Every structure is written in structure tokens, then in C-alpha cells.
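K.L.:
Fold the following for me, if possible:
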Amino acid sequence: MEDINRRVSSLFITLPFIILAMLLLIAALVYKQRDLTILTLLVVAVAGAAKLWTTLGRRGTLCHTTMDRYKVFPGNRIDFGLTLKNNTLFPLWFQINIPLNGLRRDESDVETSLEGESSLLWHDSGRFHWELTAPRRGIYRPGPVGLTCGDLFGFFPKTQEIESHNEIVVYPRLVPLKPFSIIRRDFFGIPGDESPVRDPVYILGTHDYQFGRPARFIHWKASARRHVLQEKVFEPTEQEKVLLIFAVEEFARSGDSEGFERSLEAVASLAALFDTEGVATGFITDAALRGRETFFRAVRRDPGHLPSILEILARIRMEKGRDLIEGMRGMSGLPYGVTCLCFSHRMSEESGTIEEYFKRRRVPVIHYVGAPSSDGVTVPRSARRTSIRAIDDILVGNDGGVDRA
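P.N.:
Okay, here's the model as predicted:
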């Protein structure tokens, strides 16, 4: 959008001119110059009326921004709108300027802002509308809104900043993956309803209680609601369970931002794949986050679980924020049969610590690293060679990301 020039006159907006008009009025009154007195009174009255017009109009103006979506993938369209309402008895002129803070850039990679201009009659309302394209992964907060309000002549415009609390979360790209499988760890090898041991973590629903079944499987809250004893129905105990770990320390040391983003895309794509295949998925990271401080999600499967993992990935910065092992100790206990997939830039002492931590709990760990083995990285003794793989082993090429609305 082209730059909008401010519609103001140079006649009444300068303080020296107002002072000069007042001095001329005093002189005209002293020397009894009737025509000059009328002229200066008219000038001062118009200036005062325009000033009061703008002041009252500014107080009676309402402004708020709207968006059709707040969580998107790169390349998705965002409909950004702003609504103005004039609650006064005066017609007003408005000019809008909204910095996007990285949400949109021009061809020379310079940040741009949204601009608009409008005039509203008394008790009138208007709406601005722009179409934006979501950029790369991250958190974006457009604003504050710079609202310039004034009389229709533009004599005394006043600008105020209106805070906008809108936050746009751009997820990592979903990229194509090669055929992928994880270690299946069946508990007693048969589905849950036929297994001699029930898994109390995964509950599908309830049905009427059958005589002779263990009382510990009764769902008391559901029974109270329906006034009939209800029994819990468990998911199969052979359900695959995966914990995704993203270690940022080595990325921060190397400064490999391209590999960092590529690894995040791989994690996001795996999480989406597991959600499609019905795999219970958890996530934890040691990275610093933008905004919220929720750095892990428990291993489970429900409709809102994938978006919560993708949001953490969108908030991740290439900076260490906490100790990974301490964070895992603060998590609730891992369910039986979980497999850990650890993503990092390269094998390090932290990788060995993670390996030892899960080894004591008899949990297999597969390390996915972005740096090639030819970098001369010393692999910790605790890590088996068969458990170290390259991220290229699961990604199909470098381009062709798949965006989901």
C-alpha cells in the first residue's frame, strides 16, 4: 500500500500563529478596529472549535482489531481487520498505521506496516480489511495501533496508540517424510480388552457394568450422571507411545539456524504423522520459549494434543532455557512401552545424559542429529551406534513443505 500523506493544514496547527492571532485581537480591541476584531475573533473561534472538535472526537472513538485465524502454517492467508466506531455527534477523519513487527516484508526484506484513511459521520462505523500471508515459523504480535483522529479540516490531528493483544502463532512447516516406523513394545502382546492386565492410562469410554467384573474399573462419575453403573473401556495395551525430545543446546553453540529450523520441521511432521496413525505422543524441550513457559506435553492422544505440540514448536527459540533432565523429572511418570526420539544438532554429553536417564528406566532412545558424523564429534559411550541416525534418514529432500490450514 502506498504511503498516505497526513491531511493537515499549515494554517492553524502552529502555536506561533495562534499567539499572533491573540495579539492582533488585543490590539484591535485596544484601537477599536472593528473589522480586524471580527477577523481575529473568527480565526480564534475556528481554531478553538477545531481543537474542541478533535478532543471530543478522540474520546468518543472505539477501535478494535480482528483476525479470522490466530494459528496457521507458513503460507496460509490471514484476514486482518480493524473496526472503527464514531460515537460522537461530530464527523471525524481517521488515519490508521499498524506496525506488523515482522509479519510482512517487502521485496527488499524491509518490514512494512498497514495503513488506511477514512472519514466517518456522527454515530457511524467503518472497517478496514487487509489480507496477509503467514511468514516463516514464529510468534508475531502486530501493533500497537497508531490511530490519528481529527476534524474534517485536519487542523488539529491527535495521535494515540491503542494496544493490540492479538498474537499470531505460525507453526513449523509440515514436510514429506520417508516411510517411518518405531519400536513396537506390546504389553502382553494382545489388545487391551482381551489382555489379563488393563492399562489405566488410556480410556476409550464407558459402557454398562457387567456382573463379575472388577469394581476398580467402575467409572463412578459417569455412573452418577446416568444413575446406572458404568465400566471403563480401555484402549489396547499394544498402542504405540512416543516421546519427542528436542535438545537445543548444540544448535545454540553452533549457530546453525538453518539446521535448527529443519529439525523443528521434522519434529512437527512426525507429530502430525503419529496423530494421524493414532500413536500417543508426548513432547519436551530445553529451549527458551516466546511467551508461554509450557515446555512439555504428556504422552497421550486426544483431539487437541497435536496443536498444543505444534504451538510449543512455534514458540521455541534457538536458546537454552532449562535443564532437560530436570524438566523430565518434573513430568508425570512415563507410560509403559514408550519410545523416545531425541532430536539435536549433534551427539554431546547431554545426549549421553539423556541416554543414561532412559536406560535406567528401560526406555529405548533413538537420536536424530543434523550434523554429519564427519565433523569429528565424539559419541558418548552410553549411546549405541545403531541408535544414532541422521535427520536426512526421515526427510524427503529439502523443499516441498506441506502446509495445513
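K.L.:
switch to C-alpha atoms for all contacts and neighbour counts from now on
P.N.:
Will do.
K.L.:
Please report how far Val299 lies from Gly81.
P.N.:
Using Cα to Cα, to the nearest Å, Val299 is found at 38 Å from Gly81.
K.L.:
Which of these two has more residues huddled nearby?
P.N.:
Each of Val299 and Gly81 has its neighbours counted (other Cα atoms under 10 Å); Val299 has more, 22 against 15.
K.L.:
wait, isn't that one in contact with Phe283?
P.N.:
Yes: with contact defined as Cα atoms under 8 Å, Val299 counts as touching Phe283 (7.3 Å).
K.L.:
Mind listing the shared neighbours of the two?
P.N.:
Leu243 (Cα atoms under 8 Å, 6 or more residues apart in numbering).
K.L.:
Same question for stretch 78-87: list its buried residues.
P.N.:
78, 80, 82, 84-87 (16 or more other Cα atoms under 10 Å).
K.L.:
tell me the SS of Leu29?
P.N.:
Assigned with DSSP: H, G, I helix; E, B strand; the rest coil, Leu29 falls in the helix class.
K.L.:
brain fart, Leu114
P.N.:
strand.
K.L.:
show me the residues around it that make contact.
P.N.:
Neighbouring residues of Leu114 by Cα under 8 Å, 6+ apart: 1, 96-100, 130.
K.L.:
What of Ser164?
P.N.:
64-65, 141-145.
K.L.:
Assign it to helix, strand or coil.
P.N.:
coil.
K.L.:
So what does it look like in phi/psi?
P.N.:
Backbone torsions for Ser164, taken as degrees, to the nearest 10, come to phi -120, psi 120.
K.L.:
re earlier: and the contacts of Leu114, which of them are in strands?
P.N.:
Per DSSP state E, strands hold the following members of the contacts of Leu114: 96-99, 130.
K.L.:
Buried residues, the host helix or strand of Ser263. List them.
P.N.:
Counting by DSSP states H and E, the element that carries Ser263 is helix 257-276. By 16+ other Cα under 10 Å, the buried positions in helix 257-276 come out as 259-275.
K.L.:
ditto for stretch 66-74
P.N.:
In stretch 66-74, counting by 16+ other Cα under 10 Å, buried: 67, 71-74.
K.L.:
domain assignment for this protein?
P.N.:
The chain breaks down by automatic domain parsing into domains covering 1-170, 203-234, 241-393.
K.L.:
would you turn those into a markdown table with distance to Leu177?
P.N.:
Formatted as a markdown table, these follow (distance: least, Cα to Cα, whole Å):
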| stretch | distance to Leu177 |
| --- | --- |
| domain 1-170 | 17 |
| domain 203-234 | 30 |
| domain 241-393 | 7 |
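K.L.:
and of those domains, who's closest to Lys178?
P.N.:
Closest of these to Lys178 is domain 241-393, at 7.4 Å (criterion: Cα to Cα).
K.L.:
The residue positioned nearest the centre of the chain bridge partners, please.
P.N.:
The structure's the chain has its C-alpha centroid closest to Val169; by Cα atoms, centre = their mean the separation is 2.2 Å. Residues in a beta bridge with Val169, per DSSP bridges, are Lys71, Ile139.
K.L.:
Next: Phe94.
P.N.:
Ser118, Cys149.
K.L.:
wait, what's in contact with it?
P.N.:
Residues counted as contacts of Phe94 (Cα under 8 Å, 6+ apart) are 117-120, 147-150.
K.L.:
Thr112 and Leu132 touch, don't they?
P.N.:
No: the criterion here is Cα under 8 Å, and Thr112 misses it with Leu132 at 11.5 Å.
K.L.:
All set now, cheers.
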